[in-house]
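[1] From the sequence below, what's the structure:
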Amino acid sequence: MNMLEINGLNVWFGTARDRVDAVKGATFDVAKGQSFGLVGESGSGKSTILRAITGLAPTWSGSIKVAGETVEHKRHKSFFKTVQMVFQDPYASLHPRHSVDQVLGETLHLHGFKDIDNRVVKLLDDVGLGQKFRFRYPHQLSGGQRQRVAIARALAPEPTLLLLDEPTSALDVSVQAEILNLLADLRAEHGLTYLMVSHDLSVVGHMCDRLAVMKDGEIVEIMDVAALQGMQAKHPYSRQLLEASV
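    Below you'll find the predicted structure:
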């Protein structure tokens, strides 16, 4: 079964002469439990696809299906129990005056969970932080710790699909591997499906089963990771990306 199906997705900003077509005719699917990468240079439309799925890019056409259900332009609350997103910059996505306990507790409350205390502790354990971080504020945490909190918040509603927008690019190189390994472990433990945006082919090679290469808003090639690792890209642009990453 496919957890995510994108068919003929177009996303644009502005109108008339000011219109910018950010994504043009994107089509791909992600099987349940799979990790799928979107790669390409900055401005190629990768993150815009994630934003269209979550409703952060409201002007789009085409078809988006999650777990077999068509996504409408107005998202129901139930949608966010299934789909959550982890952003690139954990500092920008956490409220500076909210403690870790408030960030996680409010998310759990919003999604109708009881037993919030125990769930907060479990979430912190799941992301390798533990209870001692519970009443700290974002400025008291390192970049890697903040991203762990952001991942815990995304896990709070018990989603099945996580959208990962360059989740390690704002972090120190030494911390990036820790966060990627955490995400790989969580996917295995919770049976999650990932759609991951990255400009780093080595990250995608480590994390993903399949990937789509994007250029100027269009998907130019879809391949599995074995083809990536074997340098077997067919499209000239994909080959160029691979050669540049060696």
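[2] Alpha carbons of the host helix or strand of residue 8, in CSV - could you do that?
    Assigned by DSSP states H and E, residue 8 falls within strand 2-13. Provided in CSV are the C-alpha atoms of strand 2-13 (Å, rounded to 0.1, in the frame of the first residue of the first chain):
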residue,chain,number,x,y,z
ASN,A,2,1.2,3.5,-0.7
MET,A,3,1.3,5.9,2.2
LEU,A,4,1.7,8.9,-0.1
GLU,A,5,0.6,9.4,-3.8
ILE,A,6,1.4,12.7,-5.6
ASN,A,7,0.0,13.0,-9.1
GLY,A,8,0.4,16.0,-11.4
LEU,A,9,1.2,18.4,-8.6
ASN,A,10,1.6,22.0,-9.6
VAL,A,11,2.4,24.7,-7.0
TRP,A,12,2.6,28.4,-7.7
PHE,A,13,3.0,31.7,-6.0
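[3] which residue packs closest to residue 24, ignoring adjacent ones?
    Using Cβ to Cβ, 6 or more residues apart in numbering and skipping residues adjacent in sequence, the residue nearest residue 24 is residue 217, 4.6 Å away. Placement of C-beta: from N, CA and C, glycine included.
[4] hmm, I was thinking of residue 85
    Using Cβ to Cβ, 6+ apart, the nearest residue to residue 85 is residue 163, at 4.2 Å.
[5] partners of the helix or strand harbouring that neighbour in the sheet?
    For residue 163, the element it lies in under DSSP H and E is strand 161-165. Sheet pairing for strand 161-165, assigned by DSSP bridges, gives strand 83-86 (parallel), strand 193-198 (parallel).
[6] For the lowest-mean-pLDDT helix or strand in the chain, buried residues please.
    Lowest by mean pLDDT, DSSP states H and E among the helices and strands of the chain is helix 90-93, with a mean of 82. Within helix 90-93, the residues scored as buried using 16 or more other Cβ atoms under 10 Å are 90, 93.
[7] Over to stretch 142-150?
    Within stretch 142-150, the residues that count as buried by 16+ other Cβ under 10 Å are 143-150.
[8] give the contact list for the spatially most central residue of the chain.
    With distances taken as Cα atoms, centre = their mean, residue 164 lies nearest the centre of the chain, 1.6 Å away. Contact analysis of residue 164 by Cβ atoms under 8 Å, 6 or more residues apart in numbering lists 85-86, 183, 194-197.
[9] Appreciated, that's everything.
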